[in-house]
Structures are given as structure tokens and as C-alpha cells.
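heads up, no residue letters with this:
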């Protein structure tokens, strides 16, 4: 009996010390400036969102959070740096779907592994907007598909680069609709949009946040969105699924990752601070106006979403036999 009591006392004391240690780690973090690497050039949606998150964390955690842009190699340059950083929460990666859900299936020589990261927080989940030039006659999905079938290979389709999510969502739609487009790869959204506005290309799968201002300004017209339901920001624009293409549902996510061995109390605290910010009415309303579906996920839930997205894109990529150096 005495041994049992001593064992129970020891276990209880160990648990108390562990809880105290966990709380101490969370409260002492961060101890110095935190670097948030963004694998895209300044000014894009990912960069802007990362800077908003950094500003919030800096104001609530009483330490500097600095955003550093490191574009290149389909996000792999920045991802490799963070994957191999000290796992103490002072070097983080704010990235999008490409890093964990697309690159593993398309890059021949990827110098990081997805399991080198731990998910921290999902900030924005956006579908894609199928937009068309104002000079392009079709204005609905069914008109577009009829035109494409009558003119195989003559609908000029702009992507943001081979293997980019805008390329892959177009491949998904082509497969589902059994149509062919003339693919023209650009280096990013901006040059693709310049040519579609000029009528040089006909259609483009763009991020909703980028597409909505161009649609509102009359520079492009909307064909549909790859969401499960119509967006709060664009209730008049139909989903591709309701327009007659079931299965045409695809999203790009934007969120924060940390090196894999980052202490769980640090991950939990970062997640809590970001979700608290996202729940503020003005923040959630702004995210919805930008075309996001606002979802509040724990780190574990975010991890499951990343794995699910990876499986979605794997099924699109494998039939294409697409490999990029």
C-alpha cells in the first residue's frame, strides 16, 4: 500500500512538473526576434497575409516578428531553410498549398520533406476563380465547354506556371469536362492577367483574392468558382459544380508552418494567438471579402487538411506524369 501511495505521489509530482514546464515554455516564447519566411515575392496575397499575421503576433507577444521574402524553386528555397532551422519557434514558414501538397508530387529533386514541418495555423482557404477575357464570347461554364468542344485546342488558357496550383486546377477541369485547352504557362498571376485583359489569352484560373478586384473593375468576367458553395464575397458567381461540373472543387490554403520538432507549447500558443485574431469580426469579415472561407483549425486538424489536400492533388498530377527539375 505504501509503495502504491509513493508511486502515485511520484506520478502526480511528475505530471505537475511537466505541466509547469510546458506552461513555462509557452510563456517565455518568443525570446528573440522571430523570422517568418515567405516563399513568394513581396506584394502578393501570401506576402500581405503573412505581414498581417506578423503584425498581430508582434503586438500580442511583445517581440519582433519579421517577414523575409525568399521566392524561388516553387517555394522550395524558403521551405528548405525553415525545414533545416533550429526547431525553437524562432524561424517559421508562411506558405501556401504548393509547398506540402503539390511539390512532393512534381519536383524531381526536392531537398526537403513534408515531415520536416509541423502545422501551426491555417489562416485562409480560398477556391479558384475561373475568369475570362472580356473579348472572349462565352460567359458561362456551359458556353465555354461547348465552345471548347467545337474548337478543340483553340481556347487559350493561361496558367501561373507549370505545376502551379492554377495549372493543376485547370487540368482537373479539363479531365472532368473532357475538353482540351491550348496551355500557355506564365511566371505568376500578374503577367497572365495582363495578357488575358488584353485578349491575348481567353481564360485563367486565378486566386479569388486577385480575381475579384479585376471582375469588379470590369477588366475580366467571372465564369465560376471552384468552391463547394457560393462565396460570401461573390454571391452572384456560381460554383463550377452547380454549373454542371460535379467534382470541380479545389482550394488553395495559406498558413503557418514550423520545423517539425518545435515544442508543442510554442505551436499551441501561436495557433491560439492567430485564431484569436481571426475571430475578430473585422478580420473574419475582411478575409471573407477577399474570397476566403474562414475556418478555425487546431494544429492537428490543419495537419489532417494538408494530408487530404496532398491526396487530392496527387490524383490530379499522377496521370499527367508531370515532373519538374
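Received the coordinates, thanks. Everything numeric here is computed off the predicted structure, so don't read it as measured data.

Which stretches in the protein count as strands?
34-38, 65-69, 91-96, 117-133, 156-159, 182-185, 203-207, 220-225, 251-259 (DSSP state E).

where's the second one relative to the chain centroid, distance-wise?
Put plainly, it is strand 65-69. 18 Å (CA atoms, centre = their mean, to the nearest Å).

now that strand and strand 91-96, what's the angle there?
60 degrees (axes from the mean of the first three to the mean of the last three CA atoms, to 10 degrees).

list the buried ones in strand 65-69?
For strand 65-69, burial by neighbour count (16 or more other CB atoms under 10 Å) applies to 65, 67, 69. All C-beta atoms are positioned from the backbone trio N, CA, C, and that covers glycine.

As a markdown table, these with distance to residue 259 and pLDDT would be great.
Converted to a markdown table, the buried residues of strand 65-69 look like this (distance: CB to CB, whole Å; pLDDT from 0 to 100):
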| residue | distance to residue 259 | pLDDT |
| --- | --- | --- |
| 65 | 16 | 98 |
| 67 | 17 | 98 |
| 69 | 19 | 96 |
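
closest to residue 256 among these?
residue 65 (10.7 Å; CB to CB).

And the nearest residue to the closest one once chain neighbours are set aside, how close does it get to residue 94?
Once flanking residues are discounted, residue 65 sits nearest to residue 54: 4.0 Å by CB to CB, 6 or more residues apart in numbering. Look at residue 54 and residue 94: by CB to CB, to the nearest Å, they are 8 Å apart.

Quickly list what's touching both of the two.
36, 67 (CB atoms under 8 Å, 6 or more residues apart in numbering).

Between these two, which has more neighbouring residues?
Higher neighbour count among residue 54 and residue 94: residue 94, with 26 against 21, using other CB atoms under 10 Å.

Next one: the nearest residue to that one once chain neighbours are set aside from residue 232, what distance?
With CB to CB, 6+ apart as the criterion, residue 94 has its nearest non-adjacent residue at 3.8 Å, and that residue is residue 50. According to CB to CB, residue 50 and residue 232 sit 23 Å apart.

Residue 71 now?
Residue 71 is 30 Å from residue 232, by CB to CB.

Between these two, tell me which one has more neighbours.
With neighbours defined as other CB under 10 Å, residue 71 and residue 232 compare such that residue 71 has more, 17 against 14.

ok, now which ones touch that one?
Contacts of residue 71 by CB under 8 Å, 6+ apart are 39-41, 77-78.

again with residue 139
132, 221, 223.

can you give me the helices in the stretch 101-250 of the chain?
Ranges of helices in the stretch 101-250 of the chain, per DSSP state H, counting those that start in this stretch, are 103-106, 141-150, 165-177, 189-197, 208-216.
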